[in-house]
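Student: Can you look at this prediction? I've put the sequence above it.
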Amino acid sequence: MNYRTPITEADLHAYVDGQLNPERRQEVAAYLAENPEAVAQVKSYRDFNQGLRALYDPVLSEPLPPQLRVMPRPRRRPWRVAAVFGWVALGAVLGWVLKPAVLSIEPGPRQLLAQPAVYAHRVFAVEKLHPVEVTAEDEQHLVKWLSRRLETPLKVPSLTAQGYALVGGRLLPSTDLMAAQFMYQKQNGRRITLYIRRGVGSNVTRGFSYLHADSVGTFYWVDGPLGYALSGDADKPELLALARAVYQSLTD
Amino acid sequence: MQSIEQQVVEHIPRLRRYSRALLRGDVAAADDLVQDCLERALSRQRLWRRDSDLRAWLFTIMHNLYVNRLRRAGHEATLAQAPEEIEEFAAPPAADPVSLLELERAFARLHPDQREILLLVALEGLSYQQVATILSVPEGTVMSRLARGRERLRRALEGGAEVTLRRIK
């Protein structure tokens, strides 16, 4: 087929991004029909566009943090500045008076369980060479060892029905105590980690709590002596379904 | 008629999405950038012409702040010399469908110029002409950076291992 002007790289990009006029679009489509290599190229460019949207579109529906909700701002006036100083001074006084009460708040499951789980996930989930200390091949040994170190019998939940295979696990320091981390991996390489430790400041939490930090989502809960945190960069509904599966598997 | 503040508010989620992607998922830093952008936009609202595209104007401000930030952090120098290292972090060649995780990682390793253009095109659906105006570069530069960015992603995600070997030799 002859084209009025030859099809260029730029045309392929513009084709993917929907920036061609209808005539040129048809010409590029005809060109693609004869050039499988260009088809592959166009397909991966399209995949990248879709992938970036899949990665970042969820931000659109996140609630705005307080510092971005302050608009519209009133114009500053001298008496306003004075008022601000007044409030700041009052805040300082109150802060000083209330300090002991505020400081006495005990760290709970969020500080002792969910946050360390996020750190541990970020450290090991990306690890290529040494993601775990003991691999799933030695599962029995892994469970025995970690149960002994945590001084509590542990169970490794199975997530095969959800498409995640056990990679293995490791022992970790965790604030004041220690924790066990089990890692699972999906066929596409996506990893989730289950973080388990004792003494998280509460014996039972009602349902799952959720923490999203450093682009890692974590559902955590406390059941008897142990606290559990499941972390991953899967989207929230998928992670919740996985957390439910873990909970089920542990209570069966 | 809506006040400029009301119109700006409607764009905040988009600005956040762009900023988050640009700063590789760092939520706090990304929201700081958005906040700076909003403050600057509102303090300079008299410079905005009512009949022009508010979104493009906001993204221009965001781009300028981002570039300043990079310059201050001295990132530009380290990032500019990265290309040869990039392939070492490439995905295993087996990955058939593009895994989002691998894409995110490969994308984070692109040059900031390429990241900006890919995002403005993929997320915002802006025309190459609009992208060129926002970044104040010629349209041809937008095209060549877009092409280079996408080819680099392809190499990182598809022919990973082979490319590494060839490059090292």
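Tutor: Ah, there it is.
Student: which of the residues in stretch A:220-238 are buried?
Tutor: Judged by neighbour count using 16 or more other C-beta atoms under 10 Å in any protein chain shown, the buried positions of stretch A:220-238 are A:220, A:221, A:222, A:226, A:227, A:228, A:229, A:230, A:231, A:232, A:233, A:234. Quick note: C-beta positions are derived from backbone N, CA and C, even for glycine.
Student: The second one reaches residue A:250, doesn't it?
Tutor: No - with the criterion set as C-beta atoms under 8 Å, residue A:221 and residue A:250 do not qualify as a contacting pair; they are 10.1 Å apart.
Student: Return every residue with contacts to both of these two.
Tutor: With C-beta atoms under 8 Å, 6 or more residues apart in numbering or on different chains applied, the overlap between the contact sets of residue A:221 and residue A:250 consists of residue A:228.
Student: give me the low-pLDDT residue ranges for the chain?
Tutor: Let's take chain A. By pLDDT under 70, the low-scoring segments of chain A are A:1-4, A:70-81, A:95-106, A:202-206.
Student: Chain B was what I was after
Tutor: Short version for chain B, where the test is pLDDT under 70: B:1, B:74-98, B:159-169.
Student: okay if I get the buried residues of stretch A:220-238 as JSON lines plus secondary structure and distance to residue A:118?
Tutor: Supplementary listing: the buried residues of stretch A:220-238 in JSON lines, determined by DSSP: H, G, I helix; E, B strand; the rest coil; distance: C-beta to C-beta, whole Å:
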{"residue": "A:220", "secondary structure": "strand", "distance to residue A:118": "10"}
{"residue": "A:221", "secondary structure": "strand", "distance to residue A:118": "15"}
{"residue": "A:222", "secondary structure": "strand", "distance to residue A:118": "17"}
{"residue": "A:226", "secondary structure": "strand", "distance to residue A:118": "18"}
{"residue": "A:227", "secondary structure": "strand", "distance to residue A:118": "14"}
{"residue": "A:228", "secondary structure": "strand", "distance to residue A:118": "14"}
{"residue": "A:229", "secondary structure": "strand", "distance to residue A:118": "8"}
{"residue": "A:230", "secondary structure": "strand", "distance to residue A:118": "11"}
{"residue": "A:231", "secondary structure": "strand", "distance to residue A:118": "6"}
{"residue": "A:232", "secondary structure": "strand", "distance to residue A:118": "10"}
{"residue": "A:233", "secondary structure": "coil", "distance to residue A:118": "11"}
{"residue": "A:234", "secondary structure": "coil", "distance to residue A:118": "14"}
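Student: ok, which of those residues also contact chain B?
Tutor: Filtering the buried residues of stretch A:220-238 for proximity to chain B by C-beta under 8 Å from any C-beta of the partner chain leaves residue A:233.
Student: ok, so of the buried residues of stretch A:220-238, who is nearest residue B:5?
Tutor: Proximity to residue B:5 was ranked across the buried residues of stretch A:220-238 by C-beta to C-beta; first place goes to residue A:233, at 34.8 Å.
Student: pretty sure the closest one is touching residue A:215, no?
Tutor: Yes - using C-beta under 8 Å, residue A:233 makes contact with residue A:215 at a distance of 6.1 Å.
Student: Just the helices from chain B, written as ranges.
Tutor: Listed in chain order, the helices found in chain B under DSSP state H are B:4-22, B:27-43, B:54-73, B:75-80, B:83-86, B:100-108, B:112-122, B:128-135, B:139-157, B:160-168.
Student: Include distance to residue A:116 and mean neighbour count when you put those helices into a markdown table, please.
Tutor: A markdown table is the format used below for those (distance: least, C-beta to C-beta, whole Å; neighbours: other C-beta atoms under 10 Å in any protein chain shown):
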| stretch | distance to residue A:116 | mean neighbour count |
| --- | --- | --- |
| helix B:4-22 | 24 | 20 |
| helix B:27-43 | 19 | 18 |
| helix B:54-73 | 28 | 17 |
| helix B:75-80 | 29 | 12 |
| helix B:83-86 | 31 | 13 |
| helix B:100-108 | 22 | 20 |
| helix B:112-122 | 31 | 23 |
| helix B:128-135 | 41 | 20 |
| helix B:139-157 | 32 | 20 |
| helix B:160-168 | 33 | 14 |
